[in-house]
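Q: Task: produce atomic coordinates for the following.
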Amino acid sequence: MPPHLLVVNPNGTAEMTARIGAEARQHLPDTITLTTCTNPSGPPSIQGAADGAVALPGTLDILQQGEFDLALIACFDDTGLTETTNRNVIGIGQAAMQTAHELGQPYAVLTTSELSVPVLQANVAAYGLGEHLVCIRASTIAVLDFEQHRESANQRLIASARRLLADHPEIRAIVLGCAGMGGLAVEMERQLNLQVIDPIKAAVGKAVASLVVPAPSMH
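A: Below is the predicted model:
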């Protein structure tokens, strides 16, 4: 049986789940089975602690009842990660910030709403990943704009990143702090000539490293 990766969207927007799943598949080897799941009781998007609290029970139900070898929580707030008793769960926020931390260079997180900033600050502290973090900045672009008005949201995001770099020229990497931003890192890297970390790609990379057992060497 091939290893099974489950991607859980804590919000209730199925279109977002489908796009996240399609993005994740691009970074997965064929030897791993991928399924996606939308939280039926989740809010349309998660922007801050109140939305996260609404999304939590349904997310935990999926993680407790689902059968998988590894699950990704596809919300940058990592809704349910600290509350789940299943150890085989990775948050995309956790994975992306770990990836940035491992670079050993000053990095920033560019997220959506101001409401998300305190949640992410608490997560960074809990994960012990604050050593190289310069700041967490809200782009003030709504999560669902990345579904409904993707091209204009992308251009606004790049403009927000330019302002961030003007304020903090020491930054060497930007982490995209929303699952809806998955797939937008390449264009931002090209325009800014700076490393940009895609949370979905980072999380899938961590998942693959965990799920793929290297073949024994032949002597």
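Q: Is residue 212 in contact with residue 29, as I believe?
A: Yes - proximity of residue 212 to residue 29 meets the contact threshold set by C-beta atoms under 8 Å, at 7.0 Å. C-betas here are computed from N, CA, C, even on glycine.
Q: For the residue lying closest to residue 91 once chain neighbours are set aside, give me its contacts.
A: The shortest distance from residue 91 to any residue other than its chain neighbours is 3.0 Å, reached at residue 78 (C-beta to C-beta, 6 or more residues apart in numbering). Contact analysis of residue 78 by C-beta atoms under 8 Å, 6 or more residues apart in numbering lists 91-94, 123.
Q: Among these, which pair sits farthest apart?
A: 92 and 123 (11.3 Å; C-beta to C-beta).
Q: more neighbours, the two?
A: Taking neighbours as other C-beta atoms under 10 Å, residue 92 and residue 123 compare with residue 92 leading, 32 against 21.
Q: Next, the contact list for that one, please.
A: Here residue 92 is in contact with 72-76, 78, 179, 199-200, 202-203 (C-beta under 8 Å, 6+ apart).
Q: Let me know the closest of these to residue 44.
A: Nearest to residue 44, judged by C-beta to C-beta, of those is residue 75 at 12.5 Å.
Q: Would you list the phi and psi of the closest one?
A: phi -140, psi 130 (degrees, to the nearest 10).
Q: where does this structure dip in pLDDT?
A: 213-219 (pLDDT under 70).
Q: Which parts of it are helices?
A: Assigned by DSSP state H, the chain shows helices spanning 14-25, 49-65, 92-103, 116-127, 145-148, 150-167, 185-192, 199-211.
Q: got the buried residues for the fifth one?
A: Looking back up the chat, that one is helix 145-148. Residues 145-147 are the ones in helix 145-148 that count as buried (16 or more other C-beta atoms under 10 Å).
Q: Just give me how far it sits from the chain centre.
A: 16 Å (C-alpha atoms, centre = their mean, to the nearest Å).
Q: repeat for stretch 29-37
A: 17 Å.
Q: mind checking the end-to-end distance for it?
A: This stretch, stretch 29-37, spans 20 Å end to end (C-alpha to C-alpha, to the nearest Å).
Q: which residues are in contact with that stretch?
A: Taking C-beta under 8 Å, 6+ apart as the rule, stretch 29-37 contacts 2-9, 17-18, 20-21, 24-25, 28, 62, 66, 68, 207-208, 211-212.
Q: Can you tell me how far residue 14 is from residue 38?
A: Computed with C-beta to C-beta, to the nearest Å, the distance linking residue 14 and residue 38 is 5 Å.
Q: Can you pick out the residue with more neighbours from those two?
A: Neighbour count, other C-beta under 10 Å: between residue 14 and residue 38, residue 38 has more, with 22 against 14.
Q: how much space between residue 35 and residue 8?
A: Look at residue 35 and residue 8: by C-beta to C-beta, they are 10 Å apart.
Q: These two: who's more crowded?
A: More crowded of residue 35 and residue 8, by other C-beta under 10 Å: residue 8, with 27 against 14.
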